[in-house]
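>>> Any chance you could fold what I've pasted below:
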Amino acid sequence: MTLLNIQPREYQTAIFETTKKGNSLVVLPTGLGKTLIALLLTIHRLKEHPTQKILFLAPTRPLVEQHYDYFKKHLSELFADLQLFTGEISAETRKKIWQTSEVIFSTPQCIANDLTKCLYKLDNTSLLIIDEAHRCLKNYDYTKVVKYYKSQAQHIRILGLTASPGQEPEKVRQICEHLDIEEIEIRSRDSLDVKSFLQHLEFQKREVEFPKEFIEIKILLKRIYDSKVEKLQKRNLLHEPANKITLLKLQARLASQISSNNFHAMIGMSLTATAIKISHAIELLETQTLSGLNEYFKNLKDQSAQKKSKAVQTLVSSPEFQAADLSLQNLLKNKIEHPKIEELVKVIQEEFKDEKKSKIIIFTQFRETATTIKKRLESIPELKPEVFVGQAKKAGSGLSQKEQKAIIEKFRENTINTLICTSIGEEGLDIPEVSAVIFYEPIPSAIRKIQRAGRTARLAPGKLFILITLNTRDQINYFASNAREKKMYKTLDNIKEQMKKRNMNLDNFKNKS
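Here you go, the predicted structure:
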């Protein structure tokens with residue numbers, strides 16, 4: 001028997017049957033067994049083309065290792081030679097391993113580099129599996145590997161896996177074009193053949209008021225923001241409504257126009273940079289923590305003192321900034337924090353009151369917020385919280401992959417019972433089942449919302465809490481992600497229908513010929 005210790009569910013078998021016929025994109029919520037479908041197709045392709053290889057790509061090394069371990073656990077030891085490619089293995093060794101291995105697990109960066117250097121070819125690869133296929137856009141290394149594969153392989157078969165490809169029809173089409181997708185298999189938590197395998201998910205919105213003292217700081221910051229936006233509009237540089245996205249696009253456009261004699265672009269860049277900085281400060285104030293805003297203000301004041309930028313000096317010395325900073329210091333002096341922190345504590349205490357062995361994941365956008373949350377939760381006796389973030393960035397804060405693995409293991413063993421994650425906890429990692437997921441803030445992205453929510457209600461009933469500050473961008477983001485998720489399934493259905501019609505037309509043409 002090839003498959004060990006696991007039995008495919010009905011929907012997994014149905015999806016597998018589709019993947020046998022042609023290049024497929026499988027859209028399945030986190031925790032519903034995308035990897036098993038990949039394993040079934042691997043077995044099928046190895047039997048169909050016994051002298052050919054399988055290449056399984058995932059965007060991060062921990063994720064690659066997770067898939068490798070899953071295959072080792074559920075595949076007969078003598079069935080195939082499985083190999084793990086990492087940057088730590090020398091290029092020469094990878095070249096040798098490639099010749100003898102049958103199933104290779106790697107990041108796309110590693111394979112793209114090897115193919116560019118002509119270390120080996122993909123001509124004898126009968127299946128290319130792309131995990132987190134929503135990344136298969138533009139110049140990401142996935143697209144490079146896929147191009148090599150399509151030009152070199154004799155027996156092409158591509159399998160794309162994702163919890164969500166996004167809601168924009170153009171991007172979904174691009175993913176399908178890059179992967180030459182012929183069939184899309186979609187399932188949601190509400191799909192009839194999936195529903196019976198999922199546990200009940202209880203959802204709660206927990207809303208808090210935006211304090212009057214915070215509104216006063218926001219009014220001061222908004223004055224600075226509005227004045228910069230107005231100047232950009234008067235200079236005929238900004239024609240769309242001002243928001244984070246339009247300002248970032250404007251910044252990129254102006255950066256390409258900057259030259260020593262283009263003062264118009266230089267002034268525009270300065271105004272745009274200040275508007276973006278203030279927009280970020282307002283976001284921290286509305287949705288995050290006062291300590292996070294304070295750290296950000298400190299950073300701006302340091303930049304001003306070091307005279308790194310004239311624009312920052314002007315910003316920090318403005319009466320509005322000075323007044324906002326003074327109000328912030330008074331609030332911190334009186335030990336006042338964002339009301340979401342105490343609402344979060346209330347939610348967690350309720351959970352542990354109902355079930356002493358609860359395991360909770362809290363998702364938040366920013367590392368500083370995660371640290372503030374941890375400090376507050378450490379004062380609660382039954383909690384064993386830990387921050388789970390990505391690898392070190394420029395500031396030096398972060399966790400190595402070894403440290404990340406150790407934290408997940410402690411969470412599995414219950415040495416830690418509350419994990420406070422940034423985006424690292426969203427995508428694919430083998431984090432154990434949890435009793436509740438808490439969004440410290442709603443996020444506008446449908447992809448990230450689906451990935452976060454998929455961490456609970458798989459093997460046991462689960463709860464999802466979303467904390468929302470009233471009359472702030474929290475509310476906007478909450479409605480945006482819901483609308484985008486609905487649009488995503490509609491987009492996928494439309495594209496699937498278009499593919500079906502195209503395939504029927506091709507079949508009719510072949511029959512007439």
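>>> State the three-state secondary structure for Val437.
Following DSSP: H, G, I helix; E, B strand; the rest coil, we place Val437 in the strand state.
>>> What's the separation between it and Arg135?
23 Å (Cβ to Cβ, to the nearest Å). (Glycine included, C-beta is placed from N, CA and C.)
>>> Could you list the low-confidence segments of the stretch 1-150 of the chain?
For the stretch 1-150 of the chain, applying pLDDT under 70 flags the ranges 1.
>>> Hmm, I typed the wrong one, I wanted the stretch 251-400 of the chain.
Residue ranges of the stretch 251-400 of the chain with pLDDT under 70: 259-260, 392-397.
>>> Tell me how the chain divides into domains.
Domain ranges of the chain: 10-194, 212-333, 339-476, per automatic domain parsing.
>>> could the ones you listed go into CSV alongside distance to Arg206 and mean neighbour count?
CSV is the format used below for the domains of the chain (distance: least, Cβ to Cβ, whole Å; neighbours: other Cβ atoms under 10 Å):
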stretch, distance to Arg206, mean neighbour count
domain 10-194, 21, 19
domain 212-333, 14, 16
domain 339-476, 5, 18
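>>> Compare those domains and give me the one nearest Asn503.
domain 10-194 (6.9 Å; Cβ to Cβ).
>>> Now do the end-to-end distance for that closest one.
The stretch domain 10-194 measures 9 Å between its terminal residues, going by Cα to Cα, to the nearest Å.
>>> just stretch 329-339 next, same as before
End-to-end distance (Cα to Cα), stretch 329-339: 17 Å.
>>> That stretch: how far from the chain's middle?
Put simply, stretch 329-339 sits 32 Å off its chain's centre (Cα atoms, centre = their mean, to the nearest Å).
>>> Any chance you could list what contacts that stretch?
The contact list for stretch 329-339 (Cβ atoms under 8 Å, 6 or more residues apart in numbering) reads 208-209, 211, 213-214, 288-291, 294, 372, 376, 469.
>>> Return the subset of these lying in helices.
Taking DSSP state H as the definition of helices, these contribute 213-214, 290-291, 294, 372, 376.
>>> Could you find the closest non-adjacent residue to Glu209?
Setting aside the residues directly before and after it, Glu209 is nearest to Leu470 in space (Cβ to Cβ, 6 or more residues apart in numbering), at 5.7 Å.
>>> what's near enough to touch that neighbour?
Contacts of Leu470 by Cβ under 8 Å, 6+ apart are 207-210.
>>> Please report how far it lies from Leu46.
Computed as Cβ to Cβ, the Leu470 to Leu46 distance reads 56 Å.
>>> for Leu201, same thing?
Going from Leu201 to Leu46 by Cβ to Cβ gives 37 Å.
>>> again with Glu170
Here Glu170 is placed at a distance of 36 Å from Leu46 (Cβ to Cβ).
>>> Please state the mean pLDDT value computed over stretch 413-428.
Here stretch 413-428 scores 83 as its mean pLDDT.
>>> So what's the gap between it and the chain middle?
Taking Cα atoms, centre = their mean, one finds the center of stretch 413-428 at 14 Å from the center of the full chain.
>>> Alpha carbons only: can I get that stretch in PDB?
Extracted in PDB, the C-alpha atoms of stretch 413-428 (Å, rounded to 0.1, in the frame of the first residue of the first chain):
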ATOM      1  CA  GLU A 413       3.200  20.800  24.200                       C
ATOM      2  CA  ASN A 414       1.100  23.500  26.000                       C
ATOM      3  CA  THR A 415       4.200  25.200  27.500                       C
ATOM      4  CA  ILE A 416       2.700  28.200  25.800                       C
ATOM      5  CA  ASN A 417      -1.100  28.500  25.500                       C
ATOM      6  CA  THR A 418      -1.400  32.000  23.900                       C
ATOM      7  CA  LEU A 419       0.400  32.800  20.700                       C
ATOM      8  CA  ILE A 420       0.600  36.400  19.600                       C
ATOM      9  CA  CYS A 421       1.300  36.400  15.800                       C
ATOM     10  CA  THR A 422       2.100  38.800  13.100                       C
ATOM     11  CA  SER A 423       1.500  37.800   9.500                       C
ATOM     12  CA  ILE A 424       4.000  34.900   9.900                       C
ATOM     13  CA  GLY A 425       1.300  32.900  11.600                       C
ATOM     14  CA  GLU A 426      -1.100  33.200   8.600                       C
ATOM     15  CA  GLU A 427       0.500  31.300   5.800                       C
ATOM     16  CA  GLY A 428       0.700  27.500   5.900                       C
END
